[in-house]
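Next input, structure requested:
(chains A and B)
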Amino acid sequence: MGKNRRKDKAIPPPQLPPEVREEEIEFSDEDVKYVEENKDYARFVSRIDTTAINRQCVGEAKTVEDKYEEERSKKKVQQEEKGSNEIQVDPVDVLPVKTLDGKLHYRTVTKKSKLAEADPEEAEEEDVLEDEHILNKSQRRAKAKKSKKEAKKQETEVPEEILQEEETPQAAVLAEVKEELSAEESFENKKNRLAELGMLLLSDPEANIRSLKEMLDISKDENAKIVKLCLLSVLAVFKDIIPGYRIRLPTDKELEMKVSKEVKKTRFYESTLLKAYKSYLQKLMAFERQSVYNQVANRCICTLLDAKPHFNFRDNLLTAVVRNISSPDEVVRRLCCSTIRSLFSNEGKHGGELTVQAVRLIADQVKSQNCQLHPNSIEVFMSIRFDEDIGKRDREEANKKKFKKNDKRNNQEEQNQAQENERKKSKREMMSKIRDEVNADYRGVTFEPDAMERRKMQTETLSAVFETYFRILRKTMFSIGESSTEEDTTLNPGAFGPHPLLAPCLDGLGKFTQQLDLDYIGDLMNYLKKLASSSSVSTTKKKNSKLLTVSERLRCCLVAFKVMRSNLNALNVDLQDFFVQLYNLLLEYRPGRDSGEVLAESLKIMLCDDRHQDMQKAAAFVKRLATFALCFGCAESMSALVTLKNLLQRNVKCRNLLENDAGGGSVSGSIAKYQPYATDPNLSGAFASVLWELNLLTKHYHPAISTMAGTISNMNTSQNQTFLSAVTPQQAFADYSLLKESFEPKSESRKLNNKRKRESGGEGEDDPETDTVELKKKLKENFTILRGIKVDERVRMEFEKKKQSNMAKKKPTKKQCNVEKKKPKSPKSKKKF
Amino acid sequence: MCVFRCIEESPKDIVIDAVFDKDEGVVVLDGGDSDSDGYLAEDSAVVNGTQGKISETELKKQSRKLARLNKKKLVDETDSDTTKRKVLSGSALSSFSNLVDEEQSVQALTSLLNWYRAACHYGHEPSGITTPDICYDIEDSETFANVMIFVLQKADHTFRSVLGLSGSANKEKVLKLNNNNPKWDSVKPLIKSFFRSTIHLVKQAADLEITVFALAQLRVSVVFFAAFPDLLNKLIKLSVDLWVTGEETLSHQAFLILKDISMVFNSECFDACFVNMYKAFLHDCDIPKANSEKRLPLLRDSLVELCSQDMQKSYTKASVSITQLAKLLKMALATKNKEAVEKIHSEHYTSCLDLWVSFIAANVQGNDLQSLLYTVIQVINGVATLFIGPRYLLLRVKCIRWLNHLSRASGIFIPIASLVLDMLEYKTTNDGEKQKKKLEAVSTVKLPKNWLKSQNFQEQCIFSVIELLANHFAQWSFHISFPELATISIMRLKKFNERSTMEGLKRVVKRFIEQVELNIEFVQMKRDEAAFSPNDQQAIETFLQLEKRSKTAPYTQYYQNIVDKGLGTKVKK
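Numbering: from 1, shown residues only, chains lettered A, B, ... in the order given. Sure, this is the predicted structure:
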């Protein structure tokens, strides 16, 4: 907060900081970092008009140059003022057209209002801009106000004069014009008023705090544009003047006590501010429900919450934001989501309390909406940052308790945990020593809640997050399992698809596996197992739409593996089922419908990273991946081949698949023949097969795949075993997806043969055999026709000539017209002659 | 927006740019009948420059009416002429033709050409206004036909014999004649007159056969056009116009002329020919016509044939054009920009792609087109993945056909199974596919929604799947890894059969599965006997080659059957 706030406060003259020369100011690293992180907030610094501030603060000491400077800037300001009234209007329209009849003037205004209407965002900017102007020219403005009022009086007098002449026929028109004029005038006036008030407030909030109320009153206007403008300008004011602390209104007791003038003044200021703020919020909440103002109101709410998350009434703001987090309006939804995200990621502003609340509220909403929300509303959880240290300590303690509580757990686990705890303990002790020192320093500076508090909040957050996640899982399970009972809801899967929240939920679970309580893991795994295999279970049921998609099921497998891995495989859960799922899902995968990234990630996590692999299983996957690569696009093929290579590298015996040993040698296993259609990798008998696919893959049109297939098929013979590939399946998938394709044919030197030789031989054949007799006949016919036309034409011409000459003698003009009309009719008319 | 505008048009623009100056020349030349020679006072009043083709029907109607009149009138009105005119009689013609035939008399040829000119322009001169000095007239239809045919047939031969050129004179020789050769000086105007008259005839002729005949005769003497670049340009333009009509013999004949021109005058005229044809072709694609299903492939094939004449030039053209296509696609893929997506779904784009696919397929053997081939495959893949959803069935089928075609022509492996198998599940369209929805509003060429539920549509889906897969499998049916290639497809098809309720379709699918399984079994059996490993390239190359050539296996015939049937029903819609 440091830097910019200090500058803010520097505006009123009395608290002017001691003169320090620019070069001597030292910024602490913290400050610099803060400004860098929050460039958006600091941007105004660059726009501050230092001369204006100086003028105000330093005041009297004016040199001649300064005066000159001032004169000039005044002039400029004057010009700008004119301009600012007509911001962003076509310069042609700005030309002085304020004639009495006012029509031209009216045109400019409609244009402007359209502009304002078209984009509230722009309007806001415009407004802010205006505020800036105001800041610069505050003094000038004050003078201008008076003259303007006078002008207004004059203008209001004019209509009265006109009123008297109402009898004239132009009266109606005049009245209309006048109405338009006054409407536009009042619009203009209100706008100006808003600007003035805002400027006053910004220049000296303490003195002008009462103006807030007046500003707010403008929002009762009927004109929607004015209301929007008002809301936005008040927002700008609040954003600026709200202090960095929460206002606590004095109790009655305190009020009774005698206090100094200063304190009274401050109290008054604070209470007015708070009152105004409250009524503003009430207005916002009311407007938010109206569709016209929905976006503006939401923008205001989000901006306020984002900028001043510490201030009073933040709970109301938060509730409003969360309520709209799944709004069907995309702009509003985005806004709300990004606000929540920024709350999560900038916990320093509100000490983390809002995080807990927000998560809690979202969880409640998920509950009340029965998981039918937009995916975005859950995706925001991904931005929550759980402090590793606090989290760890937290979990440890929980574990300890558990450790004491239930001794039923098997020994292995206990040992594991004990070791873990010991290790962590020593670490923790060291850490805590350091932390104590740091904390002692730190607490003095910040008003952050202490570690205990934070830990508590974090636990709460976590529990809310996981509650949401589990609710979604359970809901999905339920809807899959008993689709028949829930007929009416299943018929309308809602606007967001059948399982809108599942994907982000699984992603979240994958991310927060570290924080997951061991107690839940067993249940979680069961859920995941059921979800992952949901499709195969319920194929008999007709409800297709309720089934999970391939991506969702892959995600389930993924999460299961992630959970296991992050818990150091502490639990003795059999992951075999997930392998079976993956084995079969490979076949159901459809590019375009299913997410290839998820597939690649599952290949990476489940196959490449798996440490102890069953040979049968590995061989089965090798075979399946090779088959898979034959059917799909290059990105999928490439990631499959990368995985395949990885598997072969780690399982030496699997390389037998590269050789055509009769009967598969000694490792062939129990199944003697390869069963390509088997659903269980362990029963596929893959060891009995040979990777013939690789040969076809070397003919693949994509050079990378063909070389990859080549290297794999030569793996056995080449002695160089150090070529561990660094590329992951995900990387391969991303690299070879069509989006990355450059699509540029390389222009290398190439061998091109023209096909001319072919030509010399086939010269004669191309001539079509024309029947001369037939041709002759046709030509004759043609001739007769043509001659007919010609003769006919000639006759006609001659006839015309005669007729014309005749007519020229007798009836000069009229007949001629007749003839000309007749002429094109038909040959029949001529026949008579 | 502006960027897209640029790119949207660039596929044409860039190619045009390369030869723009020439293109302009053609246009300018339209009215340039300046230097007249000999008696043949070229009338600049050939007003109706439009092709004879257009007025064909009109003329016929008129002719019928007039025919009736003429019968009566011709008899009594022939004697009304007053101006002195040269009337060609049958006897005069035969004597002239004898002179030309036996002695190569230039004199006789000159007068014959005059008559010929008169014949060609017969009926097209503005009548009524008395012609300057001499007026050529023709006695009767017999003579008219004779003079036409005689001149058209013999002119080239006579020119050559007068000039002493052998049959296979090339451009250089003709150009050499230009320099101080008295013979040439005497013959040149004759040739020019002949060309002019014939071009006029071709332009105006009402009858298809006459046009074709004239074109065929003109083609023999294409070499002589070297001396008349203006006329050459005219001829190119005319031929392109005729070519694009797509009427079989006419189009073919016109194309042959263009091909000859581009061969004989390679350096100058190939670009002009190609660009004009390319533009005409693409322009034609935009306007759907009744017979375009048949015509477009015809035009495309001839264009490809032309391209194959000069690989160097057409390679650069193809490269530029394909890059443009790819750029557009890339934009569409990355941004889902509405305009770009729409552009891709247009006939324009697909026709252009179709052209280059055919070009590459025709020339990939013996030429190093690998990079073009690769890019085109990626572009097609991109198009196929850009448009998902049942309403784009036709486009997808087209894409896969291209891929199959390319694969077959080049012998490389292009996986299509996943693209094809998507279509199996087209009937379950209820589940919300976001991308589909997004694109749905975009195109107008796609299938209407109500089609999707019809049984016909589903049948079409399945038949397409079977046809495309059969095509794919037929290519690799004797490859050692055929069993694996077919595995996933067979599994999917089986699943489909389990779920489907339409007995008719199930039967078709079942039969297909049976045949493929037969094939799998056969290959599996054979390869179990094999003693080599997957990395033994040579052994695999020879594996089952004998069987492949014999083409007697039942499934081979089955595939062939399906593919043939597929071609038959291609004109679906």
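
show me the contacts for the residue nearest to B:T556 when sequence neighbours are not counted.
Nearest residue to B:T556, sequence neighbours excluded (Cβ to Cβ, 6 or more residues apart in numbering or on different chains): B:S477, at 6.3 Å. C-beta coordinates here come from the backbone N, C-alpha and C atoms, glycine included. Taking Cβ atoms under 8 Å, 6 or more residues apart in numbering or on different chains, we find B:S477 in contact with B:519, B:523, B:548, B:553, B:555-556, B:559.

Of those residues, keep whichever come out buried.
Neighbour counting over the contacts of B:S477 (16 or more other Cβ atoms under 10 Å in any protein chain shown) leaves B:519, B:523, B:553, B:555-556, B:559 as the buried ones.

and which of the residues you listed is nearest B:L393?
Closest to B:L393 out of those is B:Y559 (21.9 Å), distances taken as Cβ to Cβ.

domain ranges for the chain?
Just so you know, I chose chain A. Using automatic domain parsing, the domains assigned to chain A come out as A:2-48, A:400-437, A:452-484+A:495-740, A:798-833.

Chain B is the one I meant
According to automatic domain parsing, the ranges for chain B are B:83-226, B:393-573.

between these, which one is nearest to A:K367?
The closest of the domains of chain B to A:K367 is domain B:393-573. By Cβ to Cβ, the value is 24.2 Å.

quick check: mean pLDDT across that closest one?
Mean per-residue pLDDT for domain B:393-573: 76.

where does the stretch 151-300 of chain A have low pLDDT?
A:151-169 (pLDDT under 70).

which residues of it fall in helices?
A:171-203, A:211-218, A:224-241, A:252-256, A:261-288, A:294-307 (DSSP state H, counting those that start in this stretch).

okay, those helices in TSV with mean neighbour count and distance to chain B next?
Listed next are the helices of the stretch 151-300 of chain A as TSV, based on neighbours: other Cβ atoms under 10 Å in any protein chain shown; distance: least, Cβ to the nearest Cβ, whole Å:
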stretch	mean neighbour count	distance to chain B
helix A:171-203	18	33
helix A:211-218	18	39
helix A:224-241	22	29
helix A:252-256	9	59
helix A:261-288	16	28
helix A:294-307	23	23
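
I'd like the ones you listed as a markdown table, with distance to B:D230 appended.
Converted to a markdown table, the helices of the stretch 151-300 of chain A look like this (distance: least, Cβ to Cβ, whole Å):
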| stretch | distance to B:D230 |
| --- | --- |
| helix A:171-203 | 68 |
| helix A:211-218 | 78 |
| helix A:224-241 | 67 |
| helix A:252-256 | 105 |
| helix A:261-288 | 76 |
| helix A:294-307 | 67 |
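
Could you look up the SS state of A:F311?
Assigned by DSSP: H, G, I helix; E, B strand; the rest coil, the conformation of A:F311 is coil.

ok, now which ones touch it?
Counted by Cβ under 8 Å, 6+ apart, A:F311 has contacts A:242, A:246-247, A:277.

among those, which two are most distant?
Applying Cβ to Cβ across the contacts of A:F311, the maximum distance is between A:R246 and A:Y277, 11.5 Å.

Could you report the pLDDT at the spatially closest residue to B:F224 that is not a sequence neighbour?
Leaving out its chain neighbours, the residue that sits closest to B:F224 by Cβ to Cβ, 6+ apart is B:I191, at 5.3 Å. pLDDT, B:I191: 79.

In the stretch 301-450 of chain B, which residue sits closest to chain A?
B:A326 (3.2 Å; Cβ to the nearest Cβ).

Doesn't that residue belong to a strand?
No: the assignment for B:A326, made by three-state DSSP, is helix rather than a strand.

Need the pLDDT of it.
Taking B:A326 on its own, its pLDDT is 85.
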